[in-house]
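**Student:** have a look; sequence and predicted model below, questions after that.
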Amino acid sequence: MKARYKYRCYPNLIQQVQLAKLFGCCRVVWNDALAHCIQEFKANKKKPSNTELQKVFITQAKKTINRAWLAEVSNIPLQQSLNDLNTAYQNFFNSCKGKRKGKTTRHPKFKSRKSKQTARFRKGGFKIGQDKVYLTKVGKLKVHWSRPLPNPPSSVTIIKDSANRYFLSFVVETSAEHLPKTENSTGIDLGINTFATLSNGEKILAPKPLKKNLKKLAKFQRKFAHTEKGSRRREKARLRVAKLHAKIKDIRTDFLHKLSTDLIRRYDVIVLEDLNVSGMLRNRKLSKAISDLGWRQFRTLTEAKCEKYGRDFRVINRWEPTSQKCSNCGFRGGKKELNVREWTCLNCGAVHDRDINAAVNILNVVSETVAEVTQPITKVETIETEILETPVQLSLFNEVAGGQSETLNKTRSRRKSTRKKAVANNESSTRLESFKQLSLFD
């Protein structure tokens with residue numbers, strides 16, 4: 001399996017200029033190739049192959065006057081930029097045809113000089129030293145090695161974020177590790193006031209960095225809005241806002257990494273609920289609080305670490321009534337408002353904490369499914385359960401058991417009813433006529 005190792009690097013002023021040229025060349029090659037593909041599509045032509053795009057927008061473009069400065073940077077990141085464009089188009093086509101799972105992948109977009117900048121080097125374009133990393137036509141970058149690399153990397157990506165920070169991201173092939181068994185399992189209920197509630201009653205609070213820095217962020221954004229476009233003060237104000245956003249993101253990511261690692265070491269089986277986070281974010285009253293927690297990122301990190309360290313990660317259906325059902329007797333007490341944090345079961349009288357009860361139910365759903373798999377049900381038992389669960393099927397079963405189809409029985413019953421009505425109407429009419437005749441003789 002492949003993993004990414006990210007480290008902070010500190011280029012000097014000359015190297016920053018070289019990196020700026022490299023980022024600009026990669027961006028221009030991507031945008032030129034993308035514009036050509038869109039133009040070919042409008043002309044009802046096929047998309048050019050990756051080899052044709054590299055020949056036109058790298059090899060031949062270096063010989064022109066407008067793109068002669070492409071020769072000042074390494075050729076490897078330019079080729080990787082077009083490889084990424086080809087991959088983006090393949091994902092888009094496969095998503096349109098239904099071959100790609102998950103959400104629909106959008107059409108590739110043009111890159112902006114104001115957003116995050118990246119450039120990727122493969123083998124032959126970089127060398128790793130003891131304290132520095134050499135990149136072709138950039139130089140030796142000073143790197144802060146926070147942890148050692150397990151294996152030699154296959155590629156490295158130089159990243160510059162919006163806060164003008166530089167990172168090196170290495171792709172390394174690693175093998176799965178297996179932690180010692182603990183024979184423990186837990187169900188986790190995610191919430192807003194309490195980030196995570198475990199089935200054993202433990203509650204974990206989130207740092208909520210956005211909520212703590214909201215006033216400061218509003219102040220910086222207000223000053224940024226009052227600056228003039230293109231001025232130096234605007235760039236300083238933009239950098240101040242970007243650094244605060246980066247700080248908020250780092251605090252949240254650090255908390256989620258530490259929590260997921262701690263859970264992996266303590267439990268063999270981890271069960272989460274499949275939350276519709278994108279749908280919850282449409283609620284304008286809770287969207288900011290939900291975004292500050294990072295539920296989806298927590299699930300992604302936990303699932304990846306379970307796969308790496310040999311743990312069992314499971315997700316239950318989002319429609320399970322975990323907060324409505326009593327974890328003691330299984331009685332469903334109905335839907336409850338968000339302000340109801342404790343409730344008493346009407347069946348057994350047990351007093352439940354809302355979050356702890358939901359976490360226990362999340363764990364019980366998995367244990368029940370495991371028990372059903374280990375104990376198979378016979379055909380007779382399945383028929384009896386289906387009849388008990390849906391009593392309407394019993395009448396249909398009796399009708400079909402008579403040796404005739406259901407439709408024939410229905411049509412014959414309708415004919416009999418219509419005949420009876422006709423006979424009754426005829427009898428009533430004859431009775432009235434005879435009564436009239438008798439009255440005339442009188």
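**Tutor:** Perfect, I can see it now.
**Student:** going by C-alpha atoms from here, please, whenever you check contacts or count neighbours.
**Tutor:** OK.
**Student:** starting at the chain centroid, how far to stretch 113-122?
**Tutor:** Taking the mean of its C-alpha atoms, stretch 113-122 sits 24 Å from the chain's own mean (C-alpha atoms, centre = their mean, to the nearest Å).
**Student:** that should have said stretch 347-363, apologies.
**Tutor:** 28 Å.
**Student:** quick check: mean pLDDT of that stretch?
**Tutor:** The average pLDDT within stretch 347-363 is 89.
**Student:** which residues are contacting that stretch?
**Tutor:** 185-189, 191, 197-201, 271-273, 316, 322-323, 325-329, 331, 340-345 (C-alpha atoms under 8 Å, 6 or more residues apart in numbering).
**Student:** one more time with 7 Å, if that's ok
**Tutor:** 186-189, 197-199, 201, 271, 322-323, 327, 329, 331, 341-345 (C-alpha atoms under 7 Å, 6 or more residues apart in numbering).
**Student:** ditto for stretch 91-111
**Tutor:** 27, 31, 88-89.
**Student:** nearest to residue 259, of the residues you listed?
**Tutor:** residue 88 (33.2 Å; C-alpha to C-alpha).
**Student:** any idea how far the closest one is from residue 34?
**Tutor:** 11 Å (C-alpha to C-alpha, to the nearest Å).
**Student:** which one's more surrounded, these two?
**Tutor:** More crowded of residue 88 and residue 34, by other C-alpha atoms under 10 Å: residue 34, with 21 against 17.
**Student:** and the more buried one, how far from residue 111?
**Tutor:** In terms of C-alpha to C-alpha, residue 34 sits 10 Å off from residue 111.
**Student:** one more: residue 311?
**Tutor:** On the measure of C-alpha to C-alpha, residue 311 and residue 111 end up 39 Å apart.
**Student:** and the two? Which one has more around it.
**Tutor:** When neighbours are counted by other C-alpha under 10 Å, residue 311 and residue 111 differ, and residue 311 comes out ahead with 23 against 16.
**Student:** the closest residue to that one other than its chain neighbours: how many residues sit nearby?
**Tutor:** Among residues not flanking residue 311 along the chain, residue 268 sits closest, at 5.3 Å (C-alpha to C-alpha, 6 or more residues apart in numbering). For residue 268, the neighbour count with other C-alpha under 10 Å is 21.
**Student:** from memory residue 268 sits against residue 180, does it?
**Tutor:** No. Counting by C-alpha atoms under 7 Å, residue 180 is not a contact partner of residue 268; they are 9.0 Å apart.
**Student:** hang on, the earlier thing: which of the contacts of stretch 91-111 are buried? Put it as a ChimeraX command.
**Tutor:** To isolate the buried members of the contacts of stretch 91-111 in ChimeraX, using 16 or more other C-alpha atoms under 10 Å:
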select :27,31,88,89
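**Student:** need the contacts of stretch 91-111 in a markdown table (columns: secondary structure, pLDDT and distance to residue 137).
**Tutor:** Shown next, in a markdown table, are those (DSSP: H, G, I helix; E, B strand; the rest coil; pLDDT from 0 to 100; distance: C-alpha to C-alpha, whole Å):
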| residue | secondary structure | pLDDT | distance to residue 137 |
| --- | --- | --- | --- |
| 27 | helix | 96 | 17 |
| 31 | helix | 96 | 23 |
| 88 | helix | 95 | 27 |
| 89 | helix | 96 | 30 |
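**Student:** next up, phi/psi of residue 314, please.
**Tutor:** phi -130, psi 150 (degrees, to the nearest 10).
**Student:** can you tell me the closest non-neighbouring residue to it?
**Tutor:** Residue 314 sits nearest to residue 271 (C-alpha to C-alpha, 6+ apart), 4.8 Å away.
**Student:** neighbours of the one you found, just the number please.
**Tutor:** Neighbour tally, residue 271, other C-alpha under 10 Å: 23.
**Student:** that one - that's part of a helix, no?
**Tutor:** No. Per DSSP: H, G, I helix; E, B strand; the rest coil, residue 271 lies outside any helix segment and is strand.
**Student:** just grab the bridge partners of it for me.
**Tutor:** residue 187, residue 314 (DSSP bridges).
**Student:** so for stretch 172-180, what gets flagged as buried?
**Tutor:** residue 172.
**Student:** mind listing residues that contact it?
**Tutor:** Outside stretch 172-180, the residues that touch it by C-alpha under 7 Å, 6+ apart are 1-4, 151-154, 308-310.
**Student:** can you tell me the SS state at residue 106?
**Tutor:** coil.
**Student:** now it: how far from residue 97?
**Tutor:** 13 Å.
**Student:** comparing those two, which residue is more hemmed in?
**Tutor:** Neighbours were counted for residue 106 and for residue 97 using other C-alpha under 10 Å; residue 106 has more, 13 against 9.
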